[in-house]
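Chemist: Sequence first, then the predicted structure, then my questions.
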Amino acid sequence: NAGVTQTPKFQVLKTGQSMTLQCAQDMNHNSMYWYRQDPGMGLRLIYYSASEGTTDKGEVPNGYNVSRLNKREFSLRLESAAPSQTSVYFCASSYGGASAYSEAFFGQGTRLTVV
Amino acid sequence: AQRVTQPEKLLSVFKGAPVELKCNYSYSGSPELFWYVQYSRQRLQLLLRHISRESIKGFTADLNKGETSFHLKKPFAQEEDSAMYYCALSGMNRDDKIIFGKGTRLHILP
């Protein structure tokens, strides 16, 4: 059971470079999320997708774009990386509300360093 | 507005002492409440959910609708309980997103 898979696990970028973080889930979940977690801090929601074809901004969307390619995949793009985007990024998925199984499942995280 | 509040960023407790991690929520309806745990450099994983009314690793949490609280408790702390704990809420509607609190870091002192 793969669950939620993120790639890559580690990445170092130079300021101004772009990259896409990939996330895929095999649990037929409707909702998918991208969070960032800074050292010693809690989760902050970047973007959210309630279903295929829909995306909504979270708490800290500036500097990021997302794409819900299909029900399984939800990618996060940094167009011009900045040192302030150095963080651990987590993807998560869930069935969505009104479900007996609405818990979120998380990927293993991507450790991104921008120099 | 939907909100989950964890008032303590850090909680230090001696081994063997009781633990209580506080969580209060705001939601107009009957949400589902969860506690997640994150051990060092690992992903978040579900610890327990209120509808299961179960005890996991000695932890329990009771939903108090009157006080809109879902505090996490353990009678005797163990060193392996040191971790980050997140309280979360899932709404009733299909498009409702899961709301996480800011987390509480639990540090068990020897």
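Modeler: Sure thing, it's come through.
Chemist: show me where pLDDT drops low in chain A?
Modeler: Within chain A, the stretches falling below the threshold (pLDDT under 70) are A:1, A:97-101.
Chemist: measure the residue positioned nearest the centre of it to chain B for me?
Modeler: Computing the C-alpha centroid of chain A and ranking residues by C-alpha atoms, centre = their mean puts residue A:34 first, at 2.7 Å. Here residue A:34 is placed at a distance of 12 Å from chain B (C-beta to the nearest C-beta, to the nearest Å). Yep, even glycine has a C-beta here, placed from its N, CA and C like the rest.
Chemist: How about residue A:55?
Modeler: The spacing between residue A:55 and chain B, counted by C-beta to the nearest C-beta, is 11 Å.
Chemist: show me what contacts that residue?
Modeler: A:47, A:48, A:49, A:66, A:67, A:68 (C-beta atoms under 8 Å, 6 or more residues apart in numbering or on different chains).
Chemist: can you list the residues that contact stretch B:13-23?
Modeler: Residues outside stretch B:13-23 that contact it (C-beta under 8 Å, 6+ apart): B:4-8, B:11, B:33, B:35, B:61, B:69-79, B:81, B:85, B:87, B:101, B:104, B:106-110.
Chemist: what about 6 Å?
Modeler: Counting by C-beta atoms under 6 Å, 6 or more residues apart in numbering or on different chains, stretch B:13-23 makes contact with B:6-7, B:70-77, B:79, B:85, B:87, B:104, B:108-110, all of which sit outside it.
Chemist: cool, and stretch B:81-89?
Modeler: Residues outside stretch B:81-89 that contact it (C-beta under 6 Å, 6+ apart): B:4, B:6, B:21, B:23, B:25, B:27, B:31, B:33-39, B:98-101, B:103-108.
Chemist: same thing but at 8 Å, please
Modeler: Applying C-beta under 8 Å, 6+ apart, the set of residues contacting stretch B:81-89 is A:42-43, A:104, B:2, B:4, B:6, B:19, B:21, B:23, B:25, B:27, B:31-40, B:44, B:47, B:57, B:70, B:72, B:74, B:98-101, B:103-108.
Chemist: what about residue B:85, neighbour count?
Modeler: Burial of residue B:85, expressed as a neighbour count using other C-beta atoms under 10 Å in any protein chain shown, amounts to 24.
Chemist: which stretch of helix or strand covers it?
Modeler: Assigned by DSSP states H and E, residue B:85 belongs to strand B:83-90.
Chemist: Sheet-wise, list the partners of the next helix or strand after that strand with their directions.
Modeler: The first helix or strand that comes after strand B:83-90 along the chain, using DSSP H and E, is strand B:99-100. The strands that strand B:99-100 pairs with in its sheet are strand B:83-90 (antiparallel) (by DSSP bridges).
Chemist: can you give me the mean pLDDT across the strand it pairs with?
Modeler: In this model, strand B:83-90 carries a mean pLDDT of 94.
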